[in-house]
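Undergrad: Pasted the sequence and its predicted model underneath.
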Amino acid sequence: MNILKSDIELGEFTPNVGVMFLNNRDAYGASPAFAERRSGDYKYWSWSELTRDIISLSAHLLRSGLDPEDDKLSRVIFIAGNTYRRLVAEMAVMSCGLVSVPIFAKYPNPLMEDLIKFSEGAMLISDSPEKIASLKADCLPERLLLLSPKAEGADIDAEELTFFDDAAAHKTSPETIDNIEKIFQNVAPSQLAMIMYTSGTSGFPKGVQLHHSNIMSQQKALELLWHPKPKMRFLCYLPWHHSFGGLFERFFALHSGGCLAIDDSFGKDIDRLLENFSVIKPHVYFSVPVIYQAIIGKILTSEKAEKDFFHDDLKFIFTAAAPLPLSTSDVFRKMNIPVLEAWGLTETSPCCTLTDFSMDRIPGIVGFPIPGVELTLGADNELLVRGANVMSGYFHNEPATKKALTKGGWFHTGDIGDITPDGVKIISRKERMFKLSNGEKLFPANIEENVCRRCKFVKYAYVFGSGQKNPFMLIFPNSELMAASLRNQMDDPVCKFPGDCQSLSHCLSSCVEEINNYQLTGFERIGKALVIQRELTLEENELTPSFKLIPRRIEEKYKPYIDAMQAEDYDNLPPDAFVIILE
């Protein structure tokens with residue numbers, strides 16, 4: 001078995017989340033640890049203040065009857081946005097040995113109710129009384145802690161309802177502080193810290209059980225590779241219920257002794273995002289390709305936006321969830337800002353591999369294993385991972401655990417890949433593989449990424465076609481970049497500006513033909529394709545919280561388009577569909 005691993009030894013790491021805060025309080029004291037807008041301006045909390053509040057709320061949680069040693073009283077569900085109060089509450093839960101169970105706040109009620117029941121929480125913490133009031137009462141735990149002001153929780157019927165302000169106002173005696181600090185120090189690295197749900201692209205979300213050692217070992221690996229300096233600034237909108245924001249970005253900022261500032265644009269208002277960028281001036285920025293594309297769209301039309309984003313303190317940007325289009329990547333290259341990329345899953349805390357600081361990026365390559373992580377190839381070239389970052393299993397799902405974790409401690413990632421001299425190459429999700437009519441296996445992700453990299457006006461590409469002679473493709477355009485105001489800035493000798501979806505479909509005819517002829521083998525060639533003038537959304541359950549397509553939902557919602565392609569009946573297509581003519 002050929003095993004790939006880092007030459008750098010992981011060594012010892014911080015034993016748990018609580019000790020991380022105690023250490024940083026002692027090391028950085030009055031330095032800023034967190035910031036969020038209050039009444040318009042950014043308010044800052046120091047490491048001493050943040051740790052004090054975490055200790056105080058830990059005392060409240062234990063007074064409330066929660067018990068790390070009792071399975072029925074150890075899990076705390078979070079349905080809340082990124083705020084200081086959420087951070088204090090969630091870090092208090094983990095620091096005192098309890099288990100955080102974050103749930104995406106915008107899930108439809110039936111799914112959220114099912115997840116709450118499945119989680120078997122002893123307490124629910126939320127900043128949205130309206131959302132909680134809309135849920136069925138029989139799914140809610142006995143204990144409810146609201147992060148919002150007291151007046152906003154009047155309509156909620158809970159056996160034990162507490163407000164953050166009341167809990168925070170309780171004076172914590174020196175003796176209690178000492179006791180809580182001892183509790184923090186005695187939480188074992190092997191103790192469960194979080195149950196983080198997967199995105200659910202292939203069915204009901206699975207609860208990934210992550211321990212303190214999983215989280216802390218990852219941060220030690222990043223420290224060895226990136227050598228972060230204390231007091232760096234971070235601007236955060238990535239949601240904390242997801243591994244990219246809640247594990248990777250958030251804990252890197254905290255572990256390195258930096259200041260984590262909340263971006264109240266939520267990744268939706270690019271003007272507001274850039275305004276916050278100009279105030280915080282982050283040293284490192286974490287985001288996903290769709291947001292980087294929107295940022296570049298603004299930068300190309302505004303010198304101020306360019307100056308605000310590419311400030312002197314910006315060291316590098318980090319991207320994940322999908323490949324960054326080359327046209328977007330080229331802008332960062334011209335500004336001499338490295339683009340780092342990683343690969344991993346929630347089950348691996350989440351990072352397994354990282355690219356380096358080189359300005360030369362190779363499409364599909366996601367770097368080499370981080371310290372403490374081993375990689376190998378299994379059957380069908382599935383990437384297998386082993387190391388301190390790997391989960392212990394899925395909550396209440398023994399069959400899935402046995403399937404994922406096999407002999408020798410290897411985790412089966414479900415990603416098909418290859419190990420090359422340049423690093424690990426990701427080819428596709430195993431579950432998305434399908435067979436064509438000639439029996440050939442086709443991995444759609446590779447084709448989708450080729451198309452998205454080739455054309456900056458493609459936001460999402462979805463390839464399908466089980467049983468067909470050649471695969472089919474649906475294209476969902478990037479409406480922001482197609483705005484008429486960008487015409488002068490986006491024109492270039494290689495790509496003509498498509499002013500609308502009809503023009504884009506004509507333009508893509510030649511682009512897809514080039515990909516068919518020069519980048520794909522015969523059976524991989526796209527046979528039929530459509531541009532659909534639609535915005536895919538989280539609210540319609542077309543995208544996961546990390547902005548990935550949900551295949552089953554796309555095929556359900558766009559079945560009329562797919563049926564028309566299979567029957568070659570384009571006369572009755574909806575008016576928002578445009579045929580890409582292919583030879």
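TA: Received, thanks. Note that the structure is predicted; figures quoted are calculated from it, not measured.

Undergrad: for the helix or strand hosting residue 130, packing partners?
TA: In this structure, residue 130 is located in helix 129-134 according to DSSP states H and E. Using 3 or more Cβ pairs under 8 Å, 6 or more residues apart in numbering; DSSP states H and E as the contact test, the elements touching helix 129-134 are strand 143-146. For glycine as for every other residue, the C-beta is placed from the backbone atoms N, C-alpha and C.

Undergrad: Identify all contacting residues around the strand it packs on.
TA: When contacts are defined by Cβ atoms under 8 Å, 6 or more residues apart in numbering, strand 143-146 is touched by residues 64-66, 89, 122-127, 129, 132, 152-153, 156, 158-164, 167.

Undergrad: so how far is that strand from its chain's centroid?
TA: 26 Å (Cα atoms, centre = their mean, to the nearest Å).

Undergrad: Which strands border it, and is each parallel or antiparallel?
TA: Sheet partners assigned to strand 143-146 using DSSP bridges are listed as strand 123-126 (parallel), strand 160-163 (parallel).

Undergrad: I'd like the ones you listed laid out as TSV, including mean pLDDT, mean neighbour count and distance to residue 114.
TA: Output for the strands paired with strand 143-146, formatted as TSV (pLDDT from 0 to 100; neighbours: other Cβ atoms under 10 Å; distance: least, Cβ to Cβ, whole Å):
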stretch	mean pLDDT	mean neighbour count	distance to residue 114
strand 123-126	98	26	14
strand 160-163	91	16	23
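
Undergrad: Was I right to think residue 366 contacts residue 424?
TA: Yes - under the contact definition of Cβ atoms under 8 Å, residue 366 touches residue 424, with a separation of 5.4 Å.

Undergrad: Report the set of residues contacting both of the two.
TA: Both residue 366 and residue 424 are in contact with 343, 353, where contact means Cβ under 8 Å, 6+ apart.

Undergrad: In whatever helix or strand residue 37 lives in, which residues are buried?
TA: Taking DSSP H and E as the definition, residue 37 sits inside strand 32-38. Buried positions in strand 32-38, judged by neighbour count with 16 or more other Cβ atoms under 10 Å: 32-36.

Undergrad: Mind putting these into JSON lines with distance to residue 242?
TA: Below are these laid out as JSON lines (distance: Cβ to Cβ, whole Å):
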{"residue": "32", "distance to residue 242": "25"}
{"residue": "33", "distance to residue 242": "22"}
{"residue": "34", "distance to residue 242": "19"}
{"residue": "35", "distance to residue 242": "21"}
{"residue": "36", "distance to residue 242": "19"}
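
Undergrad: Nearest to residue 397 among those residues?
TA: residue 34 (34.5 Å; Cβ to Cβ).

Undergrad: Report the beta-bridge partner residues of the closest residue to residue 570 other than its chain neighbours.
TA: Leaving aside its chain neighbours, residue 570 sits nearest to residue 579 (5.5 Å; criterion: Cβ to Cβ, 6 or more residues apart in numbering). Going by DSSP bridges, residue 579 is paired in beta bridges with residue 530.

Undergrad: can you pull the pLDDT of residue 579?
TA: At residue 579, the model reports a pLDDT of 95.

Undergrad: Give me the neighbour count for it.
TA: 17 (other Cβ atoms under 10 Å).

Undergrad: can I get the strands paired with strand 143-146 in JSON lines with distance to residue 272?
TA: Below are the strands paired with strand 143-146 laid out as JSON lines (distance: least, Cβ to Cβ, whole Å):
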{"stretch": "strand 123-126", "distance to residue 272": "24"}
{"stretch": "strand 160-163", "distance to residue 272": "29"}
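
Undergrad: Please name whichever of those strands is nearest to residue 297.
TA: Smallest distance to residue 297 across the strands paired with strand 143-146 (Cβ to Cβ): 34.6 Å, for strand 123-126.
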